[in-house]
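In: Sequence and predicted model, in that order:
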Amino acid sequence: MPPKRKSAPTNASFDVKRSRTATPAASVSSSDDFSDYEAPEEGHVIHNVVSKFSLDERSSKSIVRKTDSVSHIFGKRDYSYLTLKPNHATRPLWIDPEGNIIMESFSALAPRAQEFLTAIAEPISRPQFIHEYRITAHSLHAAVASAGLTPDDLISTLERFSKVSVPADIASFIRECTESYGKVKLVLKDNKYYIECKEPETLQKLIQDPEIAQGRVHEGDGAVVVAKAPQMGGLVIPGTKEAAGAAQAPTQPGAPAAEKDQLMEDVFTSATGIHEDGEGDDDDEEDTVHSFEIARDFVEVAQKRCLNLGYPISEEYAFRDDTTNAELPIDLKPHARIRPYQEVSLNKMFGNGRAKSGIIVLPCGAGKTLVGISAACTIKKSVVVLATSAMSVVQWRQQFIQWCNIDPDQIAIFTSESKTAFKGDAGIIVSTYSMVTNSGNRSHDSQKMMDFLTSREWGLLILDEVHVVPAGMFRKTLTCISAHTKLGLTATLLREDDKISDLNFLIGPKLYEANWMELAEQGHIAKVQCAEVWCPMTPEFYMEYLNEPDARKRTLHYIMNPRKFQACQFLIDYHEKRGDKIIVFSDNVYALKAYALKLRKAFIYGGTPQQERLSILENFQLNPNVNTIFLSKIGDTSLDLPEATCLIQISAHYGSRRQEAQRLGRILRAKRRNDEGFNAFFYSLVSKDTAEMYYSTKRQAFLVDQGYAFKVITHLQGIEKFPGLAYSTLAERKELLEQVVLQNADAGGQEGDDFDGARGLSFNANSSRKSKAKFKRTTGKLSELSGGSTMAYIETNKSRNKELKKDQYKKKSSFFKKLDRDREKRQKEQLALKEQYSGAN
Ligand SMILES: Nc1ncnc2c1ncn2[C@@H]1O[C@H](COP(=O)(O)OP(=O)(O)OP(=O)(O)O)[C@@H](O)[C@H]1O
């Protein structure tokens, strides 16, 4: 097979078909920069050691499938030929030869198995009873790097948990991936970069490579430095029980019986080498490491080359040995107690006494900010925090002051409104991605701040909402800010473009991903009842919907469907009477205003002046007469309203899974979450038999994978008898339809992208800036925007969208191009007729 450049198969992993189309290592060019390098897909087989491995061929040779009357239904996923172990009923895992792992979460051994799987595999779906995981090259990398697991540990533990023997192909995949992963490290010590390895042979191999040799710094005789590796002992993360000197946390309720505990401990110990009492087998041993220095501007080239050679580099920061960068006097306040899952995620980051770069995934409202702050308190060096909006910037600063005993003067804000550096040698700067990457003309103060940011070294770079940042912007950020450790934080590691794997490469592996349902069970986030309410279209709206040629106007028809309005009115009334505080979300601003005005409720969208926004929010929080507010997409993220207990969604961003999860996040932090029997409510109102139903299903995919169940409500009991129900007569509905028909297509569009507050749409954006960026059009088809290709995020780069469109057009045959032209012509004629008709009336 000829080497493919920039191939981008869509899966991750251990998937047989994908690994076949893997980018051969040689295909990643040896050019000197990364500008033309496109990282492979998430978890995709990323180096030659892995690409040599073809599970497909091996497994297809060895499998003898049964053929009976039902086997055709299961096709390749008929695994009935696998032999179950005699005591399979007590084991929780099914492992198939294609690398998928299914876990019975009701098994007594499930808690242990889950702990193990979270360390070695990617969670794919975790509903109540059955969880699905997949072993990927990246997950194995993270397992080796953060938990220090050996291939034998991994395979033997899988074997113990599995109902069937671990297939030989999987065992060899694990060996091939883990043999090289995590062995070579990039360490920044005394402000010099070192490539470090425990095996002298591997290091020799790298040194002898002509490309790497070019970047090597020869000090004295150019010898390889041999040193003792630092050990984990002594590193205490602030805010943990250990830090407070408290005893170990008691066993959780519902823990397995004593005799099972012993079995589980055996299994766990065999996997990690760590006993329950925390003693490692070889804690006292010191390992020898060999390293050589690499020039700063050669680091990326070396990283790429090592990846090609089959030794992907992990980045680590020996912050305790860093005497060059000033210490930041920062500690958590005594009252701060970090939660168990926050502690687990931080342990993954500081697992071996050094800080590892990577991504931590926690549900919305689960406290990512405190995780970032605790990381800063552990490293105790200068920190840069980058957030997506000016409002988040303010919140980050407030949280630093709330949780830490740091002088507020040492936390500076860099936004369009504030540009002052911190006092002293070390400090914290909080800014937005676009402030840092803005390539336009900067004001004098802004340039001064940028120079400050780029001229020094930072101990930690915290990247908030890491998944939403366009990849190009990301690269720019990482090149202009030199940080020893990069910590990405997100709730939804989902992107609509094909750049998710860039995060693995540019930041580091996913270090930890929390289980939403578990956190809800433990009361850290609210339990939510989710429902999709099907609202039939009225006949007159449906006729118009079917005949409308313009996609955006069609959208307006299903959002303004009178039956949807009635459902919204009914639900607001029902939940207000229950004592809930309700947020109604609408991406469509025309509908937002129309619904809110008709129902006499307050609304906030991009055009609402700042003062008015704050006043509405304050009333919502404190005034018992203001129980419902309408919000446009500007409220999707960063809005901390713990009073809210019910969400109603009337219009959304097509099929965006990320938006659905983020909106749900607004009620996950409900104050009342620990009240007896408390539930928050999330309703998505969907017009039946329209495109909205398709998008709605797509939107829910991520939450369903997290274990949320969406009930379908086809009829709201008692709605017909609801007093004052709007649009209950045909005349009213026709009047509404007329108003909708008279709107131009823009009314069917959505509010501009609120990627960054600096562009004017965030909650605390200066209203004078709003008009500049209110609406942003991108070229592309509806399906491209909608998540039609299992996407949740669209690259906000206009030229990229144009390219996409062009590519699609190129792919079309002349026959289809002709059809497109004919259709456009017909649409123009229809529009002209309509205009003529409305003019005549
Ligand atoms: N360990 C803790 N102890 C007490 N309160 C906590 C803890 N961790 C987080 N919180 C509180 O939980 C709330 C949500 O935290 P935060 O805003 O960091 O969530 P998030 O994960 O960033 O959410 P989102 O993704 O929606 O922005 C905050 O009010 C925060 O103070």
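Out: Good, I have the coordinates. Remember, predicted model here, so these are calculated numbers, not experimental data.

In: any weak-confidence spans in the stretch 201-350 of the chain?
Out: Scanning the stretch 201-350 of the chain with the threshold set as pLDDT under 70 gives 219-287.

In: And the residue of it closest to the ligand?
Out: Of all residues in the stretch 201-350 of the chain, residue 339 sits closest to the ligand, at 4.4 Å by CB to the nearest ligand atom. Heads up, the C-betas are built off the backbone N, CA and C, glycines and all.

In: same thing with the stretch 651-800 of the chain?
Out: Closest point on the stretch 651-800 of the chain to the ligand, by CB to the nearest ligand atom, is residue 665, at 4.1 Å.

In: Could you tell me the phi and psi values at that residue?
Out: phi -60, psi -20 (degrees, to the nearest 10).

In: So what pairs up with residue 683 in the strands?
Out: residue 531, residue 648 (DSSP bridges).

In: Just the element for the closest residue to the ligand within the stretch 51-200 of the chain, please.
Out: The minimum distance from the stretch 51-200 of the chain to the ligand, using CB to the nearest ligand atom, falls at residue 123 (17.7 Å). In the assignment (DSSP states H and E), residue 123 maps to strand 122-125.

In: which outside residues touch that strand?
Out: Residues from elsewhere that reach strand 122-125, judged by CB atoms under 8 Å, 6 or more residues apart in numbering: 12-13, 43, 100, 117, 131-136, 138-139, 510, 513, 515, 704-705.

In: Specify the residue ranges that define each domain of the chain.
Out: Domains of the chain are assigned by automatic domain parsing as 1-66+73-180, 182-248+285-317, 354-525, 527-768, 797-840.

In: Mean neighbour count for those domains - can I get that in JSON lines?
Out: Listed next are the domains of the chain as JSON lines, based on neighbours: other CB atoms under 10 Å:
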{"stretch": "domain 1-66+73-180", "mean neighbour count": "19"}
{"stretch": "domain 182-248+285-317", "mean neighbour count": "17"}
{"stretch": "domain 354-525", "mean neighbour count": "21"}
{"stretch": "domain 527-768", "mean neighbour count": "19"}
{"stretch": "domain 797-840", "mean neighbour count": "11"}
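
In: least reliable of those going by mean pLDDT?
Out: Note on these: domain 797-840 shows the lowest mean pLDDT, a mean of 54.

In: hmm, back to that, distance of the residue nearest to the residue of the stretch 651-800 of the chain closest to the ligand when sequence neighbours are not counted relative to residue 636?
Out: Computed as CB to CB, 6 or more residues apart in numbering, the closest residue to residue 665 that is not its neighbour in sequence is residue 364, at 2.3 Å. As judged by CB to CB, to the nearest Å, residue 364 and residue 636 stand 10 Å apart.

In: Find the residues that touch each one of these two.
Out: The contact lists of residue 364 and residue 636 share 662, 666, where a contact means CB under 8 Å, 6+ apart.

In: residues from the stretch 451-600 of the chain in reach of the ligand?
Out: residue 491 (CB under 6 Å from any ligand atom).

In: so who does the residue in the stretch 451-600 of the chain that the ligand sits nearest to touch?
Out: At 4.6 Å from the ligand, residue 491 is the closest residue in the stretch 451-600 of the chain, using CB to the nearest ligand atom. Residue 491 makes contact with 361, 362, 363, 364, 366, 368, 661, 662, 665, according to CB under 8 Å, 6+ apart.

In: where exactly do the helices run in the stretch 201-350 of the chain?
Out: For the stretch 201-350 of the chain, helices defined by DSSP state H, counting those that start in this stretch occupy the ranges 210-215, 241-244, 258-272, 299-309, 340-349.

In: can you check the stretch 651-800 of the chain too?
Out: Counting by DSSP H, counting those that start in this stretch, the helices of the stretch 651-800 of the chain are 657-668, 691-705, 730-742, 767-770, 782-786, 798-811.

In: now for the first one, which elements pack on it?
Out: Judged by 3 or more CB pairs under 8 Å, 6 or more residues apart in numbering; DSSP states H and E, the packing partners of helix 657-668 are strand 528-535, strand 582-586, strand 646-651, strand 680-687, helix 691-705.

In: wait, what's in contact with the closest residue to the ligand within the chain?
Out: Proximity of the chain to the ligand (CB to the nearest ligand atom) peaks at residue 367, 2.6 Å away. Going by CB under 8 Å, 6+ apart, residue 367 touches 339, 342, 524.

In: now, among the residues you listed, which is nearest to residue 374?
Out: residue 342 (6.9 Å; CB to CB).

In: host element of the residue nearest to that closest one when sequence neighbours are not counted?
Out: Closest residue to residue 342 apart from its sequence neighbours, by CB to CB, 6+ apart: residue 371 at 5.1 Å. Taking DSSP H and E as the criterion, residue 371 maps to helix 368-379.

In: tell me the angle of the following helix or strand past that helix relative to helix 368-379?
Out: On the C-terminal side of helix 368-379, the closest following helix or strand by DSSP H and E is strand 383-387. In terms of direction (axes from the mean of the first three to the mean of the last three CA atoms, to 10 degrees), strand 383-387 departs from helix 368-379 by 170 degrees.

In: Tell me the spacing between residue 121 and residue 176.
Out: Distance from residue 121 to residue 176, by CB to CB: 16 Å.

In: before we move on, what about residue 735?
Out: Following CB to CB, the distance that separates residue 735 from residue 176 is 69 Å.

In: ok, now residue 558?
Out: Noted for residue 558: a distance of 51 Å to residue 176, by CB to CB.
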